[in-house]
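> pasting the sequence and the predicted coordinates here, then a few questions.
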Amino acid sequence: MIQSLHSFDLKDKRILIRVDFNVPLDNGRVTDDFRLQASLPTIQHCLQQGAAVVLMSHLGRPKGKVDEKLSLIPVGETLADMLEMPIKFSEDCISEDARNTSLGISPGEIHLLENLRFYDGETLNDPQFAMILAKHGEVFINEAFGTAHRAHASNVGVVDHFKQTGIGFLMEQELKYLKESFDHPLRPITLILGGAKIESKLSLIRRFLNKADTIIIGGGMSFTFLKAQGREVGGSLINEKMLFTATQILNEAKHQKVKLVLPFDFVCAKDAKSQPDAVYSRRELPEDLMGLDIGPKSIENFKDIIFSSKTIVWNGPMGVFEQEPYAAGTKAIAEKLVEATTSGQTTVVGGGDTAAAIRAYGYHHDVTHVSTGGGASLELLSGETLPAFSALESK
């Protein structure tokens, strides 16, 4: 059984926390602090309980080499500003100096280690690397949901070197809303999918064919399903290799009596950099134009389905939301989820682009749960067992 943070007496202990500080940087400045904000409750709880805190994280993909552009220094500076306190920083995660700094910090202090992925041992889950990392703390807490689907040294390998291991408040929330809430969900359940890649969401679709009452498919992936139905999709992008799979899913939805809903209309243009040409019905998409967002009739239909649901899971934007002319569908879904949450419905937003979109609109505090993970949230929602949780369960 995985232990929660409240299970431990933290006073005068050194707590090694695997956090997910893999945040976007621009000229050495953090441009999105969502993951930092999400880690604060766990860090602050440990400090308040009289513990010393050692934080470790990766940033980007330096592939085992030191890359100054991927240093965690600016992340540490941002975190220090958030907490309004100084933070000790080590320019290496496994050096003797770094270990000595961890051993020397007092209760109420924080020590941040440099980017774990400056060493290949992190992604290779090297036992020696994991053993040295473990020397930084007496209690291990995993709070890095974004890497929970990876078997790395800092979230799996270190576990064997601790008698006391558990998860922080963020990981508890992720488990609660992406896994446990679907053991006995409130119905009707609606799954909203978007984005372009069907293949990345196949496991999720197949699981929810056995769980959902309605599956809405928007975004770029909807054109492959429309093509599988025998419809012409104009110049819209489709995945030829996934047509047979899309046909199978459509047939399975009928067999399972799951309502699979596709858009009625689309905002079309020659490409995403062009201004919209017009809104076209899915029956009359021009050959020289591509669908770049769902249209107004689709928006109203999807909003009606959300209104009649008790549990809604959303993963994937409805269009090319990064371009303002093609953001209306994604924003409308976000706004409707906020309204649904206010009405007492459970609304769960998957990570990646969907989380980025809802944060951009300022609604991330107005839905039930926004996941900090991309691939991890997809895998957990799909019912898969994640290595980070398996390692903790085996203790």
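All right, it came through fine.
> now the helices for this structure?
Counting by DSSP state H, the chain has these helices, from start to end: 34-48, 73-83, 96-104, 120-123, 127-134, 169-178, 202-208, 222-228, 243-256, 296-307, 328-342, 353-360, 375-381, 387-393.
> JSON lines for those helices, including mean neighbour count, mean pLDDT and distance to S236?
Glycine gets a C-beta too; all of them are placed from N, C-alpha and C. Below are the helices of the chain laid out as JSON lines (neighbours: other CB atoms under 10 Å; pLDDT from 0 to 100; distance: least, CB to CB, whole Å):
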{"stretch": "helix 34-48", "mean neighbour count": "19", "mean pLDDT": "97", "distance to S236": "31"}
{"stretch": "helix 73-83", "mean neighbour count": "18", "mean pLDDT": "97", "distance to S236": "39"}
{"stretch": "helix 96-104", "mean neighbour count": "15", "mean pLDDT": "97", "distance to S236": "52"}
{"stretch": "helix 120-123", "mean neighbour count": "21", "mean pLDDT": "98", "distance to S236": "37"}
{"stretch": "helix 127-134", "mean neighbour count": "19", "mean pLDDT": "98", "distance to S236": "47"}
{"stretch": "helix 169-178", "mean neighbour count": "22", "mean pLDDT": "95", "distance to S236": "31"}
{"stretch": "helix 202-208", "mean neighbour count": "19", "mean pLDDT": "93", "distance to S236": "20"}
{"stretch": "helix 222-228", "mean neighbour count": "23", "mean pLDDT": "97", "distance to S236": "4"}
{"stretch": "helix 243-256", "mean neighbour count": "15", "mean pLDDT": "96", "distance to S236": "14"}
{"stretch": "helix 296-307", "mean neighbour count": "18", "mean pLDDT": "98", "distance to S236": "14"}
{"stretch": "helix 328-342", "mean neighbour count": "21", "mean pLDDT": "97", "distance to S236": "14"}
{"stretch": "helix 353-360", "mean neighbour count": "21", "mean pLDDT": "90", "distance to S236": "19"}
{"stretch": "helix 375-381", "mean neighbour count": "24", "mean pLDDT": "92", "distance to S236": "24"}
{"stretch": "helix 387-393", "mean neighbour count": "19", "mean pLDDT": "96", "distance to S236": "37"}
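> so F8 makes contact with F162?
No. F8 is beyond contact range of F162, at 11.1 Å (criterion: CB atoms under 8 Å).
> quick check: neighbours shared by these two?
Counting by CB atoms under 8 Å, 6 or more residues apart in numbering, the shared contacts of F8 and F162 are V139.
> please save the CA atoms from stretch 149-164 in PDB.
Once non-C-alpha atoms are left out, stretch 149-164 reads as follows in PDB (Å, rounded to 0.1, in the frame of the first residue of the first chain):
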ATOM      1  CA  HIS A 149       5.200   6.400 -16.400                       C
ATOM      2  CA  ARG A 150       9.000   6.200 -16.600                       C
ATOM      3  CA  ALA A 151      11.200   3.700 -14.700                       C
ATOM      4  CA  HIS A 152      14.000   6.100 -13.800                       C
ATOM      5  CA  ALA A 153      16.600   6.100 -11.000                       C
ATOM      6  CA  SER A 154      15.000   9.100  -9.100                       C
ATOM      7  CA  ASN A 155      11.500   7.600  -9.000                       C
ATOM      8  CA  VAL A 156      12.000   3.900  -9.100                       C
ATOM      9  CA  GLY A 157      15.600   3.000  -8.400                       C
ATOM     10  CA  VAL A 158      15.900   5.000  -5.200                       C
ATOM     11  CA  VAL A 159      12.900   3.300  -3.500                       C
ATOM     12  CA  ASP A 160      14.800   0.200  -2.500                       C
ATOM     13  CA  HIS A 161      17.200   2.300  -0.400                       C
ATOM     14  CA  PHE A 162      14.500   3.800   1.900                       C
ATOM     15  CA  LYS A 163      12.500   2.300   4.700                       C
ATOM     16  CA  GLN A 164      10.000   5.100   4.500                       C
END
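> report the buried residues of it.
149-159, 161-162, 164 (16 or more other CB atoms under 10 Å).
> quick check: mean pLDDT of it?
For stretch 149-164, mean pLDDT is 97.
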